[in-house]
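S.K.: kindly generate the corresponding structure for this input.
(one chain, ligands or ions: 2)
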Amino acid sequence: MTDSPRKRIVVKVGSALIAPHKQGCSSHYLLGIAQFITYCRIQGIQVVLVSSGSVAAGWHHFEGQAQPSVTVKKAMAAAGQADMMATWNKLFDFPTAQLLLTHGDLRNRERYISIRDTIFSLLEHGLMPIINENDAVTADKLKVGDNDNLSAMVAAAADADTLVICSDVDGLYDQNPHEHPNAKLIKQVTEINADIYAMAGGASSDVGTGGMRTKIQAAEKAISHGIETFIINGFNADSFSQLLKGQNPGTLFTPYEKPMQEHLHWMTHTSQAQGEVIVEDDFDLALDQHSEQLTSDDVVEVKGDFSVGDTILVRKGDGTKLAKAKSNYSSCLLSFITEQDDQAFASEFQQKTGPIISDKNIAILKSI
Ligand SMILES: Nc1ncnc2c1ncn2[C@@H]1O[C@H](COP(=O)(O)OP(=O)(O)O)[C@@H](O)[C@H]1O
Ligand SMILES: N[C@@H](CCC(=O)OP(=O)(O)O)C(=O)O
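M.R.: Residues are numbered from 1 along each chain as shown. Ligands and ions are numbered 1, 2, ... in the order given. The predicted model follows:
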């Protein structure tokens, strides 16, 4: 990465690299990653580390747990997180800082901005943020659930140029290489579509979460923010030398030339819709792109309980997702207007109150 235009990278490290045998943390594979990070910092590149491995690192404290329950996994995470941080800290001669996040934090716009501010402040003062999901406290409803997607959300929040996902395979293959020995490595992906998703299977190890599927989701989130994304083999120290030389050691996902605006990216990829507006089948936002044309006449049904300013999903009755948007109406008010038999009253009301969705607060969804 000599003479690299990169200013900020996010490195995501999978569980198998932290605690390969579930016998506590091992620095065996982390040494190469730590050297890479140190070299990047010497080059003036800021680094954020997203580290998995709390469950795998804590596993050995809990005997006889072939298939631990969710509760035991949370306890493993609480025990392993401290070991994992201690192991990383031994490998760096600069200060680090721990951030444990949940999706509940990231999907709340105020907390998201606060997380961004904290990351920027740490980087500005020379500390490296080490981020993981707060597994010990997180209920399913509030979870990101896998650190691939978490790393992409973090990369977007940190305005990174590059996301490097270090895994236990060389990159994305046309099928799972652990099940198909003739699988071929895909060196570059310029568009993530249904064919790419069809190649990606789940995890084969009992410490990995999500497998290749969540890595593709992560790449999709990152490239739409203009962040180039690599999936590389973290077991192989040569991957890092190649990255430093500006080469591609695994699979490279090329970023969009025109990244989405920050708040629309957050709305699409991080925020969670609080409700749904079901529209007529012949209504198509993706075609006309004028969200202000959405009126109560187009609305068939209002679902969920949302307030003014919440994110909503606009979809057709057949399930086709058209857009995520910030609602200018609460669910109560929108239902009231939609249920009016007096069209003239409804239309006059909307003219006075303003559009259901404003053009600047709508993210059109592409269907894969
Ligand atoms: N098409 C594919 N290409 C590469 N790996 C795949 C593919 N489909 C499924 N996998 C699986 O994804 C695994 C990597 O994901 P995961 O186990 O979650 O690791 P990590 O801990 O690095 O996140 C691979 O070891 C492999 O078993
Ligand atoms: N947050 C969890 C890891 C979840 C996860 O996505 O793991 P991995 O697939 O190994 O990156 C932990 O620290 O154990």
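
S.K.: in the helix of greatest length in the chain, what counts as buried?
M.R.: If you go by DSSP state H, the chain has its longest helix at helix 70-91. Neighbour-count burial for helix 70-91, counted by 16 or more other CB atoms under 10 Å, picks out 73-81, 83-85, 87-88. Where you see a C-beta, it was placed from the backbone N, CA and C, and this is true even at glycine.

S.K.: those: which ones sit near ligand 2?
M.R.: The residues of the buried residues of helix 70-91 that also fall near ligand 2, by CB under 6 Å from any ligand atom, are residue 77.

S.K.: give me the contact list for whichever strand or helix holds residue 116.
M.R.: Following DSSP states H and E, one finds residue 116 within helix 109-124. Identification of contacts with helix 109-124 by CB atoms under 8 Å, 6 or more residues apart in numbering yields 8, 46, 48, 97, 99, 101, 105-106, 128-129, 154, 157-158, 266, 270-271.

S.K.: list the buried residues in it.
M.R.: 109, 112, 115, 116, 119, 120, 122, 123.

S.K.: what does stretch 143-162 give?
M.R.: 144-158, 160-162.

S.K.: pLDDT (mean, whole number) over stretch 150-166?
M.R.: Computed over stretch 150-166, the mean pLDDT rounds to 97.

S.K.: let me fix that: stretch 226-242
M.R.: On average, stretch 226-242 scores 96.

S.K.: mind listing what's buried in that stretch?
M.R.: 226-236, 239-240.

S.K.: ends of that stretch, how far apart?
M.R.: 22 Å (CA to CA, to the nearest Å).

S.K.: repeat for stretch 24-33
M.R.: With CA to CA, one end of stretch 24-33 sits 18 Å from the other.

S.K.: and it, how far out from the chain middle?
M.R.: 24 Å (CA atoms, centre = their mean, to the nearest Å).

S.K.: is it positioned near ligand 2?
M.R.: No. Stretch 24-33 stays clear of ligand 2 (CB under 6 Å from any ligand atom), getting no nearer than 11.5 Å.

S.K.: let me see the mean pLDDT of that stretch.
M.R.: 95.

S.K.: quick one: buried residues of it?
M.R.: 24, 25, 29, 30, 32, 33.

S.K.: please name the spatially closest residue to the third one (chain neighbours excluded).
M.R.: If I follow you right, that is residue 29. residue 17 (4.4 Å; CB to CB, 6 or more residues apart in numbering).

S.K.: circling back: so of the buried residues of stretch 226-242, which ones are in helices?
M.R.: 239, 240.

S.K.: where does the prediction get shaky in the stretch 201-350 of the chain?
M.R.: Along the stretch 201-350 of the chain, the parts satisfying pLDDT under 70 run over 286-291.
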